[in-house]
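Participant: for reference, the sequence and a predicted model appear below.
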Amino acid sequence: MKKVVAVLAVLLIAGVVLTGCSVKALKESDVSFADGMVENVLVAETERNYDMWAKDMDETMLKAIPKDKFELLIIDPIRGKIGEYVAGSKKFSAAVESKGSTTVQYVAKFTNEEQVKVTISFNDVGGQKKIAGEWCDSQKLRGK
């Protein structure tokens with residue numbers, strides 16, 4: 001559990017540093033690239049399919065979450081509380097861009113919780129968007 005908290009803390013700090021001070025609000029059409037990638041990540045986690053999950057991740061995410069730690073760091077702490085993602089249920093909520101990083105938020109349904117905020121950050125890597133961070137937030141995840 002301590003490793004999970006440590007990894008999440010590092011990813012959160014990286015997200016804060018990357019977002020900096022100048023933030024530009026984006027429309028859903030500005031981040032249309034994100035929809036399929038986020039759906040893929042959520043479905044991959046439901047299917048416990050690391051290779052499917054890893055295909056859009058940047059090198060930092062792949063190093064932080066190696067295949068042998070995937071279930072321990074991603075699946076167990078989240079799915080154990082909120083259940084499985086209901087495929088196709090996510091709805092765009094907001095998006096911002098700052099210093100080359102794009103953060104997109106969705107609200108999604110999971111089998112044990114109806115309102116889960118899913119936040120995914122993206123960086124440009126060699127002209128392609130890659131996932132640089134992933135967070136879920138909900139009442140159950142916060143222990144309420």
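Facilitator: Cool, got the structure.

Participant: how close does A34 sit to K69?
Facilitator: When distance is defined by CB to CB, to the nearest Å, A34 is 25 Å away from K69. Heads up, the C-betas are built off the backbone N, CA and C, glycines and all.

Participant: among those two, which residue is more densely surrounded?
Facilitator: The neighbour comparison of A34 against K69 (other CB atoms under 10 Å) goes to A34, with 24 against 14.

Participant: what's the closest non-adjacent residue to that one?
Facilitator: Excluding the flanking residues, the one nearest A34 by CB to CB, 6 or more residues apart in numbering is V104, at 4.5 Å.

Participant: quick one, longest strand in this structure?
Facilitator: strand 113-125 (DSSP state E).

Participant: what residues of the helix or strand following it count as buried?
Facilitator: Next helix or strand after strand 113-125 toward the C-terminus (DSSP states H and E): strand 128-137. Using 16 or more other CB atoms under 10 Å as the test for burial, strand 128-137 gives 129-136.

Participant: next: stretch 107-119.
Facilitator: Judged by neighbour count (16+ other CB under 10 Å), stretch 107-119 contains these buried residues: 107-110, 113, 116, 118-119.

Participant: any regions of this protein where pLDDT drops low?
Facilitator: 1-21, 144 (pLDDT under 70).

Participant: strands of that one, start to end?
Facilitator: Shown for the chain, the strands assigned by DSSP E span residues 24-25, 91-98, 101-110, 113-125, 128-137.
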